[in-house]
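Participant: Curious how this folds, go ahead:
(2 chains)
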Amino acid sequence: NAGVTQTPKFRVLKTGQSMTLLCAQDMNHEYMYWYRQDPGMGLRLIHYSVGEGTTAKGEVPDGYNVSRLKKQNFLLGLESAAPSQTSVYFCASSSPPGGGNNEQFFGPGTRLTVL
Amino acid sequence: RKEVEQDPGPFNVPEGATVAFNCTYSNSASQSFFWYRQDCRKEPKLLMSVYSSGNEDGRFTAQLNRASQYISLLIRDSKLSDSATYLCVVNPLTGGGNKLTFGTGTQLKVEL
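Facilitator: Sure, this is the predicted structure:
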């Protein structure tokens, strides 16, 4: 099992460019998440999905869009990148809560720099 | 007030030492608590869940004090490989979605 994978690992964008980050998981998890991690801020939830075809806003959704067309994939889009979106982006997946199992499994991250 | 607060450290300790990290959370309705470990430039990984009765996993012991809204992690006999950032994580159980709230992390450096 590959677990959670993310594409690309690194990317440099110019202000105003668009891009899509891809997350894939092979654990048959219902729930998927996108976080950003910035120095001194901890991980912050951008958007999440509780199942195929559903998405919801997290703590910092502005400037991002997501889609969950297939259960195993969760895409994060930046329509017009801004320097404030320079960050490390982590995708995660989990089973629905219950039975004491809330563990989220993370991908290796995407390092994005917006110039 | 941040939802989850941790001392950022760094905690520099010699190999073999015992070190403790603390964390406080603001949402008294929170039900699930965890410690995640994050190595430099890597993804977070679950270290252990924290139960009301306290729990131990080898050299690691986690405690929860609901009255004080306080979580702790104790590491005994520190190893060089324990060097990492330890994230205190709370599931506030609001709004659905199994959302987690992460602290900013406490950095541990174990030295020879």
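Participant: Just confirm A:Asn28 contacts A:Lys71, I think it does.
Facilitator: Yes. Using Cβ atoms under 8 Å, A:Asn28 makes contact with A:Lys71 at a distance of 7.4 Å. For the C-beta atoms, the positions are set from N, CA and C on the backbone; glycine is no exception.
Participant: of the two, who's got more company?
Facilitator: A direct count of neighbours by other Cβ atoms under 10 Å in any protein chain shown for A:Asn28 and A:Lys71 places A:Lys71 higher, at 16 against 9.
Participant: need the contact list for the more buried one.
Facilitator: Counting by Cβ atoms under 8 Å, 6 or more residues apart in numbering or on different chains, A:Lys71 touches A:Asn28, A:Glu30, A:Gly51, A:Glu52.
Participant: Recalculate using a threshold of 6 Å.
Facilitator: Going by Cβ atoms under 6 Å, 6 or more residues apart in numbering or on different chains, A:Lys71 touches A:Glu52.
Participant: can you confirm it is in a strand?
Facilitator: No. A:Lys71: not assigned to a strand; according to DSSP: H, G, I helix; E, B strand; the rest coil it is coil.
Participant: Okay, it and B:Ser72: tell me how far apart.
Facilitator: 38 Å (Cβ to Cβ, to the nearest Å).
Participant: Quick one: end-to-end distance for stretch A:6-23.
Facilitator: Its first and final residues considered, stretch A:6-23 spans 5 Å by Cα to Cα, to the nearest Å.
Participant: ok, now stretch B:52-66?
Facilitator: Terminal-residue distance, stretch B:52-66 (Cα to Cα): 8 Å.
Participant: what about it and chain A, any contact?
Facilitator: No. Applying Cβ under 6 Å from any Cβ of the partner chain, one finds stretch B:52-66 out of contact with chain A, separated by at least 11.6 Å.
Participant: Now find how far off-centre that stretch is within its chain.
Facilitator: 10 Å (Cα atoms, centre = their mean, to the nearest Å).
Participant: For it, which residues meet the burial criterion?
Facilitator: Judged by neighbour count (16 or more other Cβ atoms under 10 Å in any protein chain shown), stretch B:52-66 contains these buried residues: B:Phe60, B:Thr61, B:Ala62, B:Gln63, B:Leu64.
Participant: what does stretch A:20-30 give?
Facilitator: A:Leu21, A:Cys23, A:Ala24, A:Gln25, A:His29.
Participant: Would you agree the first one is in contact with A:Phe74?
Facilitator: The reference is to A:Leu21. No. A:Leu21 is not in contact with A:Phe74 according to Cβ atoms under 6 Å; the separation is 9.2 Å.
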